[in-house]
Every structure is written in structure tokens, then in C-alpha cells.
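>>> pasting the sequence and the predicted model now:
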Amino acid sequence: MSKLSRFGVSLKQEILEKFDDLLDEKKYPTRSKAIEELIIQSLTLDRLSSDTVTVIGTINVVYDHHKRELLKKLTDIQHDFQPCILSSQHIHMDHHNCFEVIIFKGQKKEIEKLFSLVKGTKGILNASLSIFSV
């Protein structure tokens with residue numbers, strides 16, 4: 001188990017009250033847990049500011065599978081980025097729409113390029129990127 005360190009923090013009373021209200025709303029067990037999460041989030045964002053950091057995550061895409069040549073274009077893009085693509089999952093939402101999750105691991109700059117190509121493909125209705133530093 002990791003060693004714990006204690007430290008003091010001074011805040012304006014109104015900020016602390018708003019923070020405590022947020023902790024109640026989000027059901028945090030303690031202020032320490034919430035502050036720990038905020039620090040981890042800040043450290044992660046700092047790591048993610050580098051284009052060369054290795055990231056893992058998903059690209060989530062909704063599209064109309066009847067759109068001419070769309071499936072071929074998406075497959076070609078994924079093949080071009082094959083070293084980064086770990087897996088993909090294709091789900092039929094209804095007669096026209098599909099949801100695809102592309103799971104990747106690679107350098108942030110390369111993943112952002114992949115995402116730009118995917119979301120910019122004609123026929124994509126919606127796309128999102130979730131990345132986490134490794």
C-alpha cells in the first residue's frame with residue numbers, strides 16, 4: 001500500500017463551501033478523495049499536452065451504412081493506421097444506422113490524425129474521441 005502524506009490547504013470560505021456542496025452532489029466520501037482525483041486529472045492533462053505521449057482509448061462513430069463507399073473508406077483508414085488499431089466493434093443500431101468503436105493505442109499526434117480522418121469522412125453522423133495516457 002502507498003504511503004499517505006498529509007498537507008494543509010488554505011482556501012477562501014466561499015470556495016470551500018461550493019467545493020463541499022459539489023462533493024455532496026457527486027457523493028465523494030471525503031475531501032481527500034476529491035482532491036486526489038483533481039490532482040490525478042491535472043497530472044493526466046499535463047501528460048496529454050505532449051504530442052508524443054502514448055495514449056489508449058476509443059473513437060466512437062455513428063453512421064448511415066447505406067452511404068455509398070463509407071464502409072470501404074472507414075476500413076481503408078483503419079488499415080492505414082493498423083499499427084495503432086487494437087480492435088473495432090461494429091453494432092447495428094437500426095436498419096440505417098451503425099455504431100462503431102475503434103480501440104487504439106499509439107502516439108497522441110498519430111491518434112488525433114486518425115480521428116480527424118474518421119470524423120471527416122462523408123457520411124459520419126457523429127464521432128467522439130476518448131483518450132487516456134498510458
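Yep, that arrived. Residues are numbered from 1 along each chain as shown.
>>> can you tell me how far G123 is from D94?
Taking C-beta to C-beta, to the nearest Å as the measure, G123 falls 16 Å from D94. Quick note: C-beta positions are derived from backbone N, CA and C, even for glycine.
>>> tell me which of those two has more neighbours.
Per other C-beta atoms under 10 Å, whichever of G123 and D94 has more neighbours is G123, with 15 against 6.
>>> which residues touch the helix or strand bottoming out on mean pLDDT in the chain?
Between all helices and strands in the chain, the lowest mean by mean pLDDT, DSSP states H and E belongs to helix 31-47, at a mean of 90. Residues from elsewhere that reach helix 31-47, judged by C-beta atoms under 8 Å, 6 or more residues apart in numbering: 9, 19-20, 22-23, 26, 28, 53, 132-133.
>>> same question for stretch 99-113.
So stretch 99-113 is contacted by 48, 50-63, 74, 78, 81, 83-91, 93, 114, 118, 129, 131, 134 (C-beta under 8 Å, 6+ apart).
>>> what subset of those residues is buried?
The neighbour-count test (16 or more other C-beta atoms under 10 Å) marks 53, 55-59, 61, 63, 74, 78, 81, 84-85, 88, 114, 118, 129, 131 as buried among these.
>>> show me the residues you listed that map onto strands.
Within these, residues falling in strands by DSSP state E are 55-59, 61, 63, 85, 88, 129, 131.
>>> make a markdown table out of those and add pLDDT.
Formatted as a markdown table, those follow (pLDDT from 0 to 100):
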| residue | pLDDT |
| --- | --- |
| V55 | 96 |
| I56 | 97 |
| G57 | 97 |
| T58 | 98 |
| I59 | 98 |
| V61 | 98 |
| Y63 | 96 |
| I85 | 97 |
| S88 | 96 |
| L129 | 97 |
| I131 | 94 |
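>>> return the member of these nearest to I15.
Distance to I15 across those (C-beta to C-beta) is lowest for I131, with 30.0 Å.
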